[in-house]
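1. When you get a sec, could you give me coordinates for this:
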Amino acid sequence: MDELLKERYDLAKDRIVEICTETTVKPDFLDFFQNMAAFLEKTAVILERDEEKLSKIRDIPLTEIDEFPDHPFKVRDDEDMAQLIESIKERGVITPATVRQKEDGRYELISGHRRKRASELAGFDTLRCEVVDLNLDEATILMVESNFQRSQILPSEKAYAYKMRLEAMKRQGFRSDLTSAPVGQKFSVEQIADNSTDSKTQIQRYVRLTNLVPELLEFVDEGRIKMRPAVELSFLDEDSQRDVVDEIDLNDATPSHDQTIRMRKFFEEGKLTTEAIQAIMSEEKPNQREKIVLRGDRVRQLIPKNIPISQTEDFVCKALEHYNKFLRSRADRDSR
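-> Predicted coordinates:
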């Protein structure tokens, strides 16, 4: 609390106490002053809490802040990052990052990874942080919750974030299995779903994605493989998954949901060989080869921020029309 404010508060409180003990004070005035005394007591508690919180906010050297272990969210040097850098250059870090102090005296970043990266690129040596007293599991849950507020999250990021949170909750004593639920008891998956836009089933599907090899998971991020086929592939072992990757590269075609269901069935029956995968993947699917796949993150970087997602296709088509006109114009000019 500010020293001058504290001095004035103490003087006011002492005077009110004196007034409340005087026998000449009328009852109405006495009630007023007693209410005022109670108000000042509550104000003091609030101010002390604010002071305690402020005492935990400090500027920490970037060299003393470590990344959160196995942090699942990617920090991209994209247009949003460029805007954040300019904002930090002009106004500094408005919302402090959140860190916890480790046993070795260094700090572990819980939330604020983009702010840390932007501060580095902006040329700052320190990052404004709030230091919180949390164990690793508590920090994991807070890390996932804070990063889920991002506007764009890849399926792979959600997958590992949900898995990390479920594991942390399990270590804290929450049940994470999905069978034989006592009446009235909620599992950790259900608890997460209650505060998420994803259903319990969808969360389970995301967690299954963590069993995919990196190449297949990247296909999911790019939108080349949809969620349900990806979940079926997650039940295959690593060798079988890599055979699927090879066939995707060779045929320039991704498996349908029906094909992945058959692959999983063959695998569970011990019949999924490399030849079986080749036979399934070589089946002709309508418009598979004619389908054009564009990487969403790459395309989005080229589209102005004021264009909503729903208008992305129209914007891309108009841009291609203009580019085709430019190519025709240049060809006509070169032919003269």
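2. Assumed residue 74 was part of a helix.
-> No. Counting by DSSP: H, G, I helix; E, B strand; the rest coil, residue 74 falls outside a helix, being coil.
3. which non-adjacent residue is nearest residue 199?
-> Closest residue to residue 199 apart from its sequence neighbours, by CB to CB, 6 or more residues apart in numbering: residue 193 at 5.8 Å. C-beta here means a position set from N, CA and C on the backbone, and glycine is covered the same way.
4. Helix, strand, or coil at the one you found?
-> helix.
5. List the contacts of it.
-> Residue 193 makes contact with 199, 200, 203, according to CB atoms under 8 Å, 6 or more residues apart in numbering.
6. which of these count as buried?
-> For these, a burial check counting by 16 or more other CB atoms under 10 Å picks out 200, 203.
7. quick one: contacts for residue 164?
-> Residues near residue 164 by CB under 8 Å, 6+ apart: 70, 72, 140, 143, 144.
8. ok, it to residue 171 distance?
-> For residue 164, the distance to residue 171 (CB to CB, to the nearest Å) stands at 11 Å.
9. Residue 76 too?
-> On the measure of CB to CB, residue 76 and residue 171 end up 31 Å apart.
10. Check residue 130 too.
-> 24 Å.
11. Residue 267 too?
-> 31 Å.
12. what residues are up against the closest residue to residue 143 other than its chain neighbours?
-> With CB to CB, 6+ apart as the criterion, residue 143 has its nearest non-adjacent residue at 4.9 Å, and that residue is residue 110. Applying CB under 8 Å, 6+ apart to residue 110 gives the contacts 68, 97, 98, 99, 100, 132, 134, 139, 142, 143, 146.
13. so what's the spatially closest residue to residue 107 that is not a sequence neighbour bridging to?
-> In this structure, residue 107 finds its nearest non-sequential neighbour in residue 99, 4.2 Å apart by CB to CB, 6+ apart. Taking DSSP bridges as the rule, residue 99 bridges to residue 109, residue 131.
14. what number of residues lie near residue 99?
-> When counting by other CB atoms under 10 Å, one arrives at 28 neighbours for residue 99.
15. for the one 5 residues further on, same thing?
-> When neighbours are counted by other CB under 10 Å, residue 104 registers 7.
16. just use 555 as the starting number from now, easier for me
-> Sure thing, new numbering starts at 555, so read that last one as residue 658.
17. Quick check: phi and psi at it.
-> Per-residue torsions, residue 658: phi -80, psi 0 (degrees, to the nearest 10).
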